[in-house]
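Colleague: turn this into a model:
(one chain, ligands or ions: 2)
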Amino acid sequence: MAHIGTLFIISSPSGAGKSSLIQALLDRPSTDGRLQVSVSHTTRSARPGEEHGVHYHFVDKPEFKALINRGAFYEWAEVFGNYYGTSREWIDQQLAQGIDILLDIDWQGARQIREQSPSAKSIFILPPSREELERRLNARQQDSAEVIQGRMAKAVSEMSHYDEYDYLLVNDTFEHALNQLSAIIEAERANTAKQAVRYQDLLSRLLAE
Ligand SMILES: Nc1ncnc2c1ncn2[C@@H]1O[C@H](COP(=O)(O)OP(=O)(O)OP(=O)(O)O)[C@@H](O)[C@H]1O
Ligand SMILES: Nc1nc2c(ncn2[C@@H]2O[C@H](COP(=O)(O)O)[C@@H](O)[C@H]2O)c(=O)[nH]1
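Modeller: Numbers count the residues shown, from 1 in each chain. Ligands and ions are numbered 1, 2, ... in the order given. Down below sits the predicted model:
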């Protein structure tokens, strides 16, 4: 089967709201089964409420390194002192079925995906201010003060990569950012070449002499 699924890379500084936006998008009644989020592997410890296989595949460093050596990752990177990676096998299976994939990954991973899949579309999400970013990291109540300070310290260097992305949006009002994200994905899905593969039967009926 032709690979008609699209990879959507979503990056932001930690706490800008990408996981919340992705979840809200997937929860929309209008979202069909053709859009799914990739569950990454990570060596970071699970936060309260996070489930293995749902939020992440939680593995230790030796296991992660074994997966790197096996070529299991489409991309991987060290972020905030932990390793994170995207499973190649799962992505290939979904794309082959025409399923579009959302990748919640950092700029290092985004670069690796673009090198291998130039047709991937990338979206960078900015917070409305540095103060609001820190407020959100605190309000999430998932990380220690030390971890939050470490993430804030990396936020400027993460944001400096915004111009490597196809789309840039500011997550100020949540609903507005969600509508923008949804509009980007819908527009990319309507790409003529992809639609022509998806609707080849319809097109051949409509265009028959
Ligand atoms: N537009 C918004 N206004 C106010 N709060 C928001 C908004 N968007 C997200 N939040 C809140 O900000 C916090 C951080 O959001 P989220 O966990 O989605 O960020 P993230 O970018 O995925 O972070 P990380 O990179 O660390 O995974 C959450 O508590 C979320 O509910
Ligand atoms: N390069 C990759 N980055 C990833 C992946 N999965 C998540 N991430 C990024 O890590 C940070 C921190 O995430 P958190 O869950 O610990 O808050 C965030 O920027 C994610 O986008 C991945 O597979 N590859």
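
Colleague: ok, and the nearest residue to Leu181 once chain neighbours are set aside, which helix or strand is that part of?
Modeller: Spatial nearest neighbour of Leu181, excluding adjacent residues (CB to CB, 6 or more residues apart in numbering): Leu21 at 5.5 Å. Every residue, glycine included, has its C-beta placed from N, CA and C. Assessed by DSSP states H and E, Leu21 sits inside helix 18-27.

Colleague: quickly check: that helix near ligand 1 or not.
Modeller: Yes. Shown here: helix 18-27 in contact with ligand 1 (CB under 6 Å from any ligand atom) through 18-20.

Colleague: which one among the residues you listed gets closest to Thr192?
Modeller: Lys18 (28.5 Å; CB to CB).

Colleague: out of the residues of helix 18-27 next to ligand 1, which is most surrounded?
Modeller: Taking other CB atoms under 10 Å as the neighbour criterion, Lys18 ranks highest of the residues of helix 18-27 next to ligand 1 with 22 neighbours.

Colleague: what's the neighbour count on the residue nearest to Leu181?
Modeller: So Leu21, with other CB under 10 Å, has 24 neighbours.

Colleague: so what's the residue of the chain found nearest ligand 2 up against?
Modeller: Relative to ligand 2, the nearest point of the chain is Gly109 (2.5 Å; CB to the nearest ligand atom). Listed by CB atoms under 8 Å, 6 or more residues apart in numbering, the contact set of Gly109 reads 9, 75-77, 84-86, 103.

Colleague: distance check, the residue lying farthest from the centre of the chain against Ala177.
Modeller: The centre of the chain is farthest from one residue, Glu209, which by CA atoms, centre = their mean lies 43.6 Å away. Distance of Glu209 to Ala177, given as CB to CB, to the nearest Å: 47 Å.

Colleague: buried stuff in the helix or strand of the chain with the lowest mean pLDDT?
Modeller: Among the helical and strand segments of the chain, the one scoring lowest on mean pLDDT, DSSP states H and E is helix 192-198, with a mean of 88. Within helix 192-198, the residues scored as buried using 16 or more other CB atoms under 10 Å are 194, 198.

Colleague: picking that back up, show the pLDDT at the residue nearest to Leu181.
Modeller: Looking at Leu21, its pLDDT is 98.

Colleague: going forward, the N-terminal residue is numbered 27.
Modeller: With the count now opening at 27, the last piece we talked about shows up as Leu47.

Colleague: for it, give me its contacts.
Modeller: Residues counted as contacts of Leu47 (CB under 8 Å, 6+ apart) are 36, 151, 197, 200, 203-204, 207.

Colleague: SS state for Glu115?
Modeller: Put simply, Glu115 is helix when judged by DSSP: H, G, I helix; E, B strand; the rest coil.

Colleague: distance of it from Ile139?
Modeller: 15 Å.

Colleague: most neighbours of all the contacts of Gly135, which one?
Modeller: Ile35 (27 neighbours).

Colleague: the spatially closest residue to it that is not a sequence neighbour: what secondary structure?
Modeller: Spatial nearest neighbour of Ile35, chain neighbours left out: Ser148 (4.0 Å); criterion: CB to CB, 6+ apart. Three-state assignment for Ser148 (three-state DSSP): strand.
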